[in-house]
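Peer 1: model the following, please.
(one chain, ligands or ions: 1)
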Amino acid sequence: MIRLSDQALANLPAEIARPAYDRRAVRGGVVHLGIGAFHRAHQAVVFDDALSAGDLRWGVRGVSFRSPGVRDQLNPQDGLYSLVVRDGAQVQTRIVGAVRDVLVAPESPAAVVAALADPDTHLVTLTVTEKGYRLDPASGALIESDPEVAADLASLAAPRTAPGFLAAGLAQRRARGLEPLTIVSCDNLPHNGARIRDAVLAVARRHDPALTGWIEGGCAFPQTMIDRIVPATTPEDRRSLAERLGVDDHGMVKTEPFTQWVIEDRFAGPRPDFERLGVQITSAVGPYEDAKLRLLNGAHSAMAYLGGLAGLAFVHQVIADPVFAAYVERLWDEAEATLDPPAGLDLSDYRRALKARFANAALEHRTRQIAVDGSQKLPQRLLAGAAVRLDRGLSIEALTLAVAAWMRWQDGVDETGAVHVVDDPLAAETARLVARTPDPLERAAALLSLEAVFPERLARDPRFTAPVIAAYARLARGGARAAAAAVVGG
Ligand code: CS2
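Peer 2: From the prediction side, this is the model:
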């Protein structure tokens, strides 16, 4: 079967939407760092819409930080890929043309720096996951002991990290007399704009105080809230798409109909007409971000660990279970009381919509996918809300059960006896703590000593530690479902 490409577009069935603009005339206005499925199913679609609306400045140059996988999927396809939107039995497919090419950072660091320092480039977007910022999750400081960070702090000749590449690219722009950039973090981190700004400045400061001043004075790092559920593509997804398209697409992504992007109104230079493309531009992103992180992502992580421990493979299976569904409502009750939602965001409607999104069985969103990198996710998804509740003297039974479930997940085996890999930057450390504490009832206390995850004010507060340890004991005794039932009943 032939591969998707500009030429193959003519062979596609007529009902498949495809770029109607002249792809050869598209400029590379955007550099995207971390071109995984999430970018392709979200921001790249907005840039594709901008191109379709006739503004040809917003083509994307993608960068992969680790493997050449996405480059090998997309470059032979002229950057084209299918966006498959699944809602129950309905499937909609569209070919996205926004991506021009993909660079692999470790293979060609100079090309990535050159892309950042290209006069056509105005925006940098990033989806490098929480750990890609190289900031300590609890303190927010640059992790200087990380060997790649240390290398970038010593020299930017061939950067290794996202903050290092940005510092090097901005240095080259400044040297060439080009305009500063708008750098848009699209990761699920609180104050994500400030985080990437802090990380870039921490690297720049080490190399050139004048560069630091130029970045502070001219570059913009808006805060964003970004939302779309994008499960990993499977070989079966690809096979069924090939049957429908009649061409082979190695770069397809699948997602849900829902999509949302809220960006703080802070730009250094040209940008697409975001408002006309359905993107919300606002002065205050924080309230959107907190609601999304604590309700959507908090429930996601809770379902990933509790459902995962119970041996449930998919999110829709977890939410279909009445006990887990009632538990999620309870978790949301706890989280909701800590939020200050923006005007116009009705949290009851938001929760109802989330439940329907989680129930979309056609997505086949794996609990194990969400379980990855828990140490980076817990602080903003569960612990921040717990801290607010403790300040107000409120109970945290549901939140602490999710924390305890993450701890149980670190054992690497679920309640059915199935083994899983603990995929997390702190996996070696958690494994050491687990191994050193053979008595499962003491493990929770041992894991609470992880300073990168648990801020001191929580780790030292018995109002936090006692329910975590009790929930852990309940999980060890009766399993995830019974522990969730105890929270719901209590
Ligand atoms: C998920 C998110 O994998 C995860 O941690 O919670 O990727 C989630 O699907 C997105 O944030 C939804 O916008």
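Peer 1: going by C-alpha atoms from here, please, whenever you check contacts or count neighbours.
Peer 2: Will do.
Peer 1: list the buried ones in stretch 274-282?
Peer 2: 274, 279-281 (16 or more other Cα atoms under 10 Å).
Peer 1: so of those residues, which ones are in strands?
Peer 2: 280-281 (DSSP state E).
Peer 1: for Ser240, state which of the buried residues of stretch 274-282 is nearest.
Peer 2: Val279 (31.5 Å; Cα to Cα).
Peer 1: residues in contact with that closest one?
Peer 2: 260-263 (Cα atoms under 8 Å, 6 or more residues apart in numbering).
Peer 1: list the helices and strands the helix-or-strand element of the chain with minimal mean pLDDT packs on?
Peer 2: Within the chain, no helix or strand scores below helix 440-447, which has a mean of 92 by mean pLDDT, DSSP states H and E. With contacts defined as 3 or more Cα pairs under 8 Å, 6 or more residues apart in numbering; DSSP states H and E, helix 440-447 has these neighbours: helix 397-409, helix 427-436, helix 462-478.
Peer 1: wait, which of those helices is closest to the ligand?
Peer 2: Closest approach to the ligand among these (Cα to the nearest ligand atom): helix 397-409, 12.8 Å.
Peer 1: the ligand contacts on the stretch 101-250 of the chain?
Peer 2: Taking Cα under 6 Å from any ligand atom, the part of the stretch 101-250 of the chain that reaches the ligand is made up of 227-230.
Peer 1: buried subset of these?
Peer 2: Buried among those by 16+ other Cα under 10 Å: 227-230.
Peer 1: make TSV from the helices and strands packed on helix 440-447 and add mean neighbour count to it.
Peer 2: Output for the helices and strands packed on helix 440-447, formatted as TSV (neighbours: other Cα atoms under 10 Å):
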stretch	mean neighbour count
helix 397-409	26
helix 427-436	15
helix 462-478	19
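Peer 1: can I get these in a markdown table with mean pLDDT and distance to the ligand?
Peer 2: Listed next are these as a markdown table, based on pLDDT from 0 to 100; distance: least, Cα to the nearest ligand atom, whole Å:
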| stretch | mean pLDDT | distance to the ligand |
| --- | --- | --- |
| helix 397-409 | 98 | 13 |
| helix 427-436 | 96 | 16 |
| helix 462-478 | 97 | 21 |
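Peer 1: out of those helices, which gets nearest to Arg294?
Peer 2: Per Cα to Cα, nearest to Arg294 of these: helix 397-409, 10.1 Å.
Peer 1: check the gap between Ala371 and Ser301 for me.
Peer 2: According to Cα to Cα, to the nearest Å, Ala371 stands 6 Å off from Ser301.
Peer 1: what does Val149 give?
Peer 2: For Val149 relative to Ser301 (Cα to Cα), the value is 28 Å.
Peer 1: helices of the stretch 51-200 of the chain, start to end?
Peer 2: 69-74, 109-116, 147-154, 162-176, 192-207 (DSSP state H, counting those that start in this stretch).
Peer 1: picking up where we left off before, nearest to Leu312 among the buried residues of stretch 274-282?
Peer 2: Val279 (34.8 Å).
Peer 1: returning to that earlier point: the more surrounded of Val149 and Ser301?
Peer 2: Taking other Cα atoms under 10 Å, Val149 and Ser301 do not tie; Ser301 has more neighbours (28 against 22).
Peer 1: wait, isn't the more buried one in contact with Leu401?
Peer 2: No. The criterion here is Cα atoms under 8 Å, and Ser301 misses it with Leu401 at 11.2 Å.
Peer 1: which neighbours do the two have in common?
Peer 2: With Cα under 8 Å, 6+ apart as the test, Ser301 and Leu401 reach no residue in common.
Peer 1: quick one on the thing from earlier: right, and the helix or strand after the least confident helix or strand of the chain?
Peer 2: Downstream of helix 440-447, the first helix or strand assigned by DSSP states H and E is helix 456-459.
Peer 1: list the contacts of the closest residue to the ligand within the stretch 1-150 of the chain.
Peer 2: Nearest residue of the stretch 1-150 of the chain to the ligand: Phe38, at 7.9 Å (Cα to the nearest ligand atom). Shown in contact with Phe38 (Cα under 8 Å, 6+ apart): 127, 228, 230.
Peer 1: measure it to Leu458 for me?
Peer 2: With Cα to Cα as the criterion, Phe38 and Leu458 are 32 Å apart.
Peer 1: kindly report the same for Leu293.
Peer 2: From Leu293 over to Leu458 (counting by Cα to Cα), the distance is 19 Å.
Peer 1: what does Gln223 give?
Peer 2: Distance from Gln223 to Leu458, by Cα to Cα: 27 Å.
Peer 1: where does the prediction get shaky in this protein?
Peer 2: 490 (pLDDT under 70).
Peer 1: how about the strands in it?
Peer 2: Under DSSP E, the chain gives strands at 30-33, 60-64, 81-87, 90-96, 99-104, 123-126, 182-185, 224-227, 253-255, 260-264, 280-282.
Peer 1: now the second one, how far from the chain's geometric center?
Peer 2: If you compare the mean C-alpha spot of strand 60-64 with that of the full chain, they lie 16 Å apart, counting by Cα atoms, centre = their mean, to the nearest Å.
Peer 1: so which elements touch that strand?
Peer 2: So strand 60-64, by 3+ Cα pairs under 8 Å, 6+ apart, packs with strand 30-33, strand 99-104.
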